[in-house]
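Undergrad: Just a sequence and a predicted model for now, questions to come.
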Amino acid sequence: MAESENIVAETAEKIFADLADAQTINHDKKGEWKAPLWQALTEAGLPLAWVPEDCGGSGASLAEGFSVLSAAGRFAVAVPLAETMLAGWLLAQAKIASPDGEMTVVPASPKDRITVNADGSLSGRARGVPFAKAAKHFAVLASDAKGRFSIALVDATKCRIEAGIGLGGDNSDTVTLDKVQPVTTKEAPKGFDQPRLMLMGGVARALQIAGALESMLEISVRYSNERVAFEKKISKFQAVQHNLARLAGESAAALAAATSAADAIANAETFNDEVFLEAVAAKIRCSEAAEKGGAIAHQVHGAIGFTIEHILHRYSLRALAWRDDFGSESYWAVELGKLVCIRGADELWPLVASR
Amino acid sequence: MTAALRFDPIRLPPKCEQLRKEVRAFLAEEIAAGTFDPHKPNREDTDVPEFSRKVGERGWLGMTWPKKYGGHERSFLERYVVTEEMRVANAPTRRFFVADRQSGPVLLKYAPEHIKMEILPRICKGEICFAIGMSEPNSGSDLFAAKTRATKTDGGYLINGTKIWTSSAHIADYMIAIFRTSPPTKENRRHGLTQFLVKMKQPGIQVNPIGQITGQYEFNEVVFTDYFVPDDHVLGEIDGAWKQATSELAYERSGPERFLETYYVLTELVRAVGNNPDTRSAEGIGRLVAQVHTMRRMSVSVAGMLQAGKEPVVEASIVKDIGTIWEQQLPHRVRELSAFVEETATNRETLEKQLDFAIKTAPKLTIQGGTTEVLRGIIARGLGLR
């Protein structure tokens, strides 16, 4: 990322380092760290980073917001920061002002549909919605009988929420809207559809996964230089070195794919096939890296990394959980494969080499 | 520490896109004229001298080198585009590729001026072919174990010993080789190796072809018997070749040729599957495309670092490690997916022939240019583990 994008990310990084250090969070059984963290993030304008100033936000660029998400991934932050940023971004697409407080986006899976009824109310069910239980408002993307998309701000208390816990220990809830009247509804801009929202969410998750892998690499290297077995540091064993080199490769691949996708979206004039490839590839490759990289990080840590007392699971399980939000890698691989086949064999390389 | 492993999202500048169009048009012309067949990676006629000369005429050799040596003073990113288009089209690049990628840059850095003036312009014209003499019997990646001796004599050196696994030695005009000029010291195992420019097709050199499991004859054993190299053919420092050889490796290890070697089977699979794929084929293709896209983004990123004058040794090693493993696995993944290809697919036979060749090629991909194990050692060093 360019120098000018770093100030917002540095602010986020500093807040995380001060208030969301993994070791501190790990020892706080009651979750008392969350309120001061959220307050500090709010004071810095980060949850509404992507909301223009005239819609009540801080008007940061897409690139700045993406770098905040990378930092959030490096700390595996378990507050709805990414979700509120995405919700604010979605609302801003229809020029709907964002309210204060935690938000999330509905739906969070490409398979779920929310529909706009004839009376303007919303109906539907969305599963696996991250942090729905903690959100005061939902940013909802819904379609009517003719397939036209609307963006709505919905009061969370008007919806039925069945709490669920995802792999990473964070809320992943089922939200049911039964003829809910939204606070505000507006037509989505031309061309804005559900895949567009899912891919924005998918890239957010890709950046978070890449960030978590960077941290897993760092703590694994550090641990290997501390832990002694068979009378030497385990970092001196060639097998361990090679495992860590592979982890570095997966971490680097994830970071390359995710930052490239973020850069593509931040600089895109239209959401064309080339941008689609970037976004989808990032979600797929980062999810694969979470699986391979996470396994190596645990292997290096041995049994200690498998304990609830150790911080490793904060990164590894969240990285694995994030694979499922906004469309899993398998789901998007099918979509990408279809696109590639429809374009035809001779158009594959031109697509890959488009930038 | 981890900050060193960033791969910034470098984009190719617009002038690269213009160049890409020119390269594609040229390759299409050559394919139409029958110079090579892009669907036959296992061509028998891998050496096509007239193709090299045409590539030279277009100004696509020595692209980044100074004009006074016949170069074109263009960017690494422009060279990158030419390389990847040639690779994807299965163009016959063997004759010029090593000279363009490695030997030329070594000469630029270490050869005396009159040698540069004599040889570099000829590389740029696509007239001459280079080989690299590193491995020896029982040395391989362990370059310290190299024994072939260069003994000082009047006006030069006498070479005795054997190089092996030397690609293209049978067609090469020159070889850049490492020979032992003195024994390693106790303090420095790397001491005592010197880099030389060797003229091939002279008395005292015998090239013996070695057959490969693909059925091709690509690499060779090269035996030196009292072969004379003049003093002005010493490249760089006497006894100090180790550092020279390793500093060039980022160029060899991160390029598009390090993940596109078997790419043709993916294109052919997409062709065979057609435009209405079943779910498993679609998913398989989607994942492979996401992976190659990511590899390419990493590789372009390293080209950007080289362009910026950095020495991304660790990053280049990461690209080669995961790139070669990817291109090694690709034929096997495509083979699995080919089980779902209709019997009536028009290119079925081509796909099967390509797979047969790619699967035979695959084992060498993680060996040439630095084995996976050596690369992981370099990455581990970069992580502060050694």
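TA: Yep, that arrived. Numbering: from 1, shown residues only, chains lettered A, B, ... in the order given.

Undergrad: Only C-alpha atoms from now on, for both contacts and neighbour counts.
TA: OK.

Undergrad: and the end-to-end length of stretch A:181-195?
TA: 24 Å (C-alpha to C-alpha, to the nearest Å).

Undergrad: which parts of that stretch are buried?
TA: Of the residues in stretch A:181-195, A:Gln181, A:Pro182, A:Thr185, A:Glu187, A:Ala188, A:Phe192, A:Asp193, A:Gln194, A:Pro195 count as buried by neighbour count, 16 or more other C-alpha atoms under 10 Å in any protein chain shown.

Undergrad: Please tabulate the residues you listed in a markdown table and include distance to A:Thr157, secondary structure and pLDDT as additional columns.
TA: Output for the buried residues of stretch A:181-195, formatted as a markdown table (distance: C-alpha to C-alpha, whole Å; DSSP: H, G, I helix; E, B strand; the rest coil; pLDDT from 0 to 100):
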| residue | distance to A:Thr157 | secondary structure | pLDDT |
| --- | --- | --- | --- |
| A:Gln181 | 11 | coil | 98 |
| A:Pro182 | 11 | coil | 98 |
| A:Thr185 | 17 | strand | 98 |
| A:Glu187 | 23 | strand | 98 |
| A:Ala188 | 24 | coil | 98 |
| A:Phe192 | 27 | coil | 97 |
| A:Asp193 | 26 | coil | 97 |
| A:Gln194 | 24 | helix | 98 |
| A:Pro195 | 27 | helix | 97 |
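
Undergrad: so can I have CSV of these showing distance to B:Val234?
TA: Output for the buried residues of stretch A:181-195, formatted as CSV (distance: C-alpha to C-alpha, whole Å):
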residue, distance to B:Val234
A:Gln181, 83
A:Pro182, 80
A:Thr185, 77
A:Glu187, 73
A:Ala188, 70
A:Phe192, 64
A:Asp193, 65
A:Gln194, 65
A:Pro195, 61
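
Undergrad: Out of these, which is nearest to chain B?
TA: A:Pro195 (16.1 Å; C-alpha to the nearest C-alpha).

Undergrad: For the residue most central in space within chain A, which three-state class applies?
TA: Chain A has A:Arg205 as the residue nearest its centroid, 2.6 Å off, counting by C-alpha atoms, centre = their mean. Per DSSP: H, G, I helix; E, B strand; the rest coil, the local secondary structure of A:Arg205 is helix.

Undergrad: Mind pulling the model confidence for it?
TA: At A:Arg205, the pLDDT value in this model is 98.

Undergrad: same check, this time on A:Ser4
TA: 49.

Undergrad: Can you report how many residues lie near residue 244?
TA: Unless you meant another one, I'm taking chain A. 28 (other C-alpha atoms under 10 Å in any protein chain shown).

Undergrad: try chain B instead
TA: 17.

Undergrad: Which pLDDT value goes with it?
TA: 83.

Undergrad: For the residue nearest to the centre of chain A, which non-adjacent residue is spatially closest?
TA: A:Trp322 (5.9 Å; C-alpha to C-alpha, 6 or more residues apart in numbering or on different chains).

Undergrad: Hmm, the one you found is touching A:Ile209, no?
TA: Yes. Contact status for A:Trp322 versus A:Ile209: in contact at 7.0 Å, counting by C-alpha atoms under 8 Å.

Undergrad: Show me what the closest residue to A:Phe149 other than its chain neighbours is bridged to.
TA: Using C-alpha to C-alpha, 6+ apart and skipping residues adjacent in sequence, the residue nearest A:Phe149 is A:Ser143, 4.3 Å away. Applying DSSP bridges to A:Ser143 yields these beta-bridge partners: A:Thr115, A:Phe149.

Undergrad: ok, A:Ser143 to A:Trp89 distance?
TA: Counting by C-alpha to C-alpha, the gap from A:Ser143 to A:Trp89 is 18 Å.

Undergrad: Of these two, which one has the most company?
TA: A:Trp89 (26 against 21).

Undergrad: which other residues reach the helix or strand that one falls within?
TA: Using DSSP states H and E, A:Trp89 maps to helix A:81-93. The contact list for helix A:81-93 (C-alpha atoms under 8 Å, 6 or more residues apart in numbering or on different chains) reads A:46-52, A:55, A:65, A:69, A:72, A:97-98, A:102-105, A:130-131, A:138-139, A:151-153, A:188-189, A:197, A:200-201, A:204.

Undergrad: pLDDT below threshold where in the chain?
TA: Looking at chain A here, since you left the chain open. Residue ranges of chain A with pLDDT under 70: A:1-5.

Undergrad: meant chain B actually
TA: B:1-4, B:43-46, B:248.

Undergrad: all strands of it, in order?
TA: Under the criterion DSSP state E, chain B contains strands at B:130-133, B:149-153, B:156-167, B:174-180, B:193-199, B:205-210, B:219-230, B:234-235.

Undergrad: out of those strands, which comes closest to chain A?
TA: Judging these by C-alpha to the nearest C-alpha, what sits closest to chain A is strand B:156-167, at 25.7 Å.

Undergrad: burial count for the residue in the stretch 51-200 of chain B that chain A sits nearest to?
TA: Going by C-alpha to the nearest C-alpha, chain A is nearest to B:Val88 of the stretch 51-200 of chain B, at 7.8 Å. Counted with other C-alpha under 10 Å, residues neighbouring B:Val88 total 18.

Undergrad: And A:Arg227, how close does it get to A:Arg314?
TA: 20 Å.

Undergrad: And those two? Which one has more around it.
TA: Per other C-alpha under 10 Å, whichever of A:Arg227 and A:Arg314 has more neighbours is A:Arg314, with 22 against 14.

Undergrad: so that one makes contact with A:Gln23?
TA: No. A:Arg314 is not in contact with A:Gln23 according to C-alpha under 8 Å; the separation is 9.8 Å.

Undergrad: shared neighbours, these two?
TA: With C-alpha under 8 Å, 6+ apart, A:Arg314 and A:Gln23 have no common neighbours.

Undergrad: now check stretch A:57-76, is it near chain B?
TA: No. Applying C-alpha under 8 Å from any C-alpha of the partner chain, one finds stretch A:57-76 separated from chain B by no less than 11.3 Å.

Undergrad: who touches that stretch?
TA: A:1, A:5-6, A:8-9, A:12-13, A:16-17, A:20-22, A:45-46, A:48-53, A:82, A:85, A:98, A:204, A:207-215, A:262-263, A:265-266, A:314-315, A:318.

Undergrad: Pull out the buried positions in that stretch.
TA: Buried-residue list, stretch A:57-76, by 16+ other C-alpha under 10 Å: A:57-60, A:62-76.

Undergrad: Filter those down to the ones in helices?
TA: A:62-74 (DSSP state H).

Undergrad: any chance of the residues you listed in CSV, plus distance to A:Val352?
TA: Output for those, formatted as CSV (distance: C-alpha to C-alpha, whole Å):
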residue, distance to A:Val352
A:Leu62, 23
A:Ala63, 22
A:Glu64, 26
A:Gly65, 26
A:Phe66, 23
A:Ser67, 24
A:Val68, 28
A:Leu69, 26
A:Ser70, 24
A:Ala71, 28
A:Ala72, 29
A:Gly73, 27
A:Arg74, 29
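
Undergrad: Greatest separation within these: which pair is it?
TA: A:Leu62 and A:Arg74 (18.7 Å; C-alpha to C-alpha).
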